[in-house]
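Colleague: Predicted model and sequence below, questions to follow.
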Amino acid sequence: MSAARRLLRPDMLLLAAAVVLGIIDGPLKLGLVDPMRGVLIFALLGLGLNIVTGFTGLLHLGMAAFMAIGAYAFAISTCDIYPFQLGFWPALGVTAVAGALAGFLLGAPTLGLRGDYLAIVTLGFGEIAQDVLKNLDAITKGTQGINPLPPPSLPMVGEFGSSPAPWYWLFLAITVLAVFACRNLERSRTGRAWLAVREDELAASCMGIAPIPVKMYAFATGAALAAIAGGMWASLYASTGEPGNYDFQISILALCIVIVGGMGSINGVLVGALAMIGVANIALPKLASWLQQKGVVNASNVLGSPNNWKYLVFGLVLVVMMRVRPDGLLPARLERRKAGGSA
């Protein structure tokens, strides 16, 4: 791929647009940097699920559990009520290791399952993780969550305050690193093995690929990215929140991001996160505010709250996507070849 084409890739354009947004948001008072932090966190969660479901073809309905594990691992590593009290970056490394270990422990006894059976096991794991975190109150503080968590600090920047701009740049840098890592993994021998297992597990095994270890690597890598997303979430809100925050809806939202963007497409995950989380965090609140200003609805009206619109809009987006673009907004190159498009 030439340098010019590489710069015009959708992920490069989106990341460049994110940099421009961070620069102009303050002077123009757009107010977009604050909600965009959530978009970046869920983009990272979607990248983790894309490795498991998009690259390897394993239907995973328990990503919220790994996000919760990451949030609590980060909190235990940093909160001053525990003896560790690590900084942001070492704690994020511990979080990634904890997520990868949890993914390995879940994958080891279950990867002989396929399809709906694996989906049910991962769904059950997500529910079990919530109950365990609630009942281990001696460690996790139960439904209170672990708080307060110290904010990150960087050289020449100092400790992060309430301004959303430093958080935005930090989360954008982490997302860029994750995209770079996923792109290199996709092109590596391991990534090609993931795609081979997804397309035809029997043919892949006949060509010398061991499906179980390949799936294990996918589970562990996806879980590590989900855990990092959980650590970022806990750091942003200075608390893990209660375990019920990491429920099945989070897993479904991550799956919707991957489906809407395009299964197996890194570019698609970024677009899917912007479409799904951007609608919920940016478009709907601004629309509700505009309608309230015009007197069409008021704050006490059921239509005045963006949360009352969110799942209706999500459902409509999924229905339209499945009818118009079933392969997603930016399908993977392999899917485009199948459809007769250009690589």
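Modeller: Right, received. Where do you want to start? Given the structure is predicted, the values throughout are model-derived calculations rather than measurements. Numbers count the residues shown, from 1 in each chain.

Colleague: show me the contacts for Gly126.
Modeller: With contacts defined as C-beta atoms under 8 Å, 6 or more residues apart in numbering, Gly126 is in contact with 61-65, 246-248, 251. In short, each C-beta sits where N, CA and C put it, glycine included.

Colleague: er, Gly231 I mean
Modeller: Residues near Gly231 by C-beta under 8 Å, 6+ apart: 70-71, 73-74, 91-92, 95.

Colleague: how near is Asp247 to Ile209?
Modeller: Asp247 is 35 Å from Ile209, where distance means C-beta to C-beta, to the nearest Å.

Colleague: thinking again about what came up before, out of the contacts of Gly231, who's the most crowded?
Modeller: Ranked by neighbour count (other C-beta atoms under 10 Å), the contacts of Gly231 have Gly70 at the top, with 33 neighbours.

Colleague: and the helix or strand hosting it, how far out from the chain's middle?
Modeller: Using DSSP states H and E, Gly70 sits in helix 63-78. Taking the mean C-alpha point of helix 63-78 and that of its whole chain, the gap between them comes to 13 Å (C-alpha atoms, centre = their mean, to the nearest Å).

Colleague: quick one: the residue positioned nearest the centre of the chain from Met263, how far?
Modeller: Taking C-alpha atoms, centre = their mean, the centroid of the chain lies closest to Leu45, which sits 1.4 Å from it. Separation of Leu45 from Met263 (C-beta to C-beta) stands at 15 Å.

Colleague: show me where the stretch 151-300 of the chain has strands.
Modeller: With DSSP state E, counting those that start in this stretch, the ranges of strands along the stretch 151-300 of the chain come out as 153-154, 158-159.

Colleague: Isn't Gly244 up against Thr143?
Modeller: Yes - in this structure Gly244 lies within contact range of Thr143 using C-beta atoms under 8 Å: 7.4 Å.

Colleague: which residues of the protein score low on pLDDT?
Modeller: 1-8, 299, 301-304, 306-307, 333-343 (pLDDT under 70).

Colleague: Return the member of the contacts of Gly126 nearest to Leu177.
Modeller: Within those, the smallest distance to Leu177 is 19.5 Å, found for Met63 (C-beta to C-beta).

Colleague: Quick check: the closest one vs Gly261, distance?
Modeller: Here the distance between Met63 and Gly261 works out to 15 Å (C-beta to C-beta).

Colleague: cool, and Leu92?
Modeller: Here the distance between Leu92 and Gly261 works out to 25 Å (C-beta to C-beta).

Colleague: and if you look at Ala254?
Modeller: Distance check for Ala254 against Gly261: by C-beta to C-beta, it reads 11 Å.

Colleague: Give me the common contacts of those two.
Modeller: The overlap between the contact sets of Ala254 and Gly261 (C-beta under 8 Å, 6+ apart) consists of Gly46.
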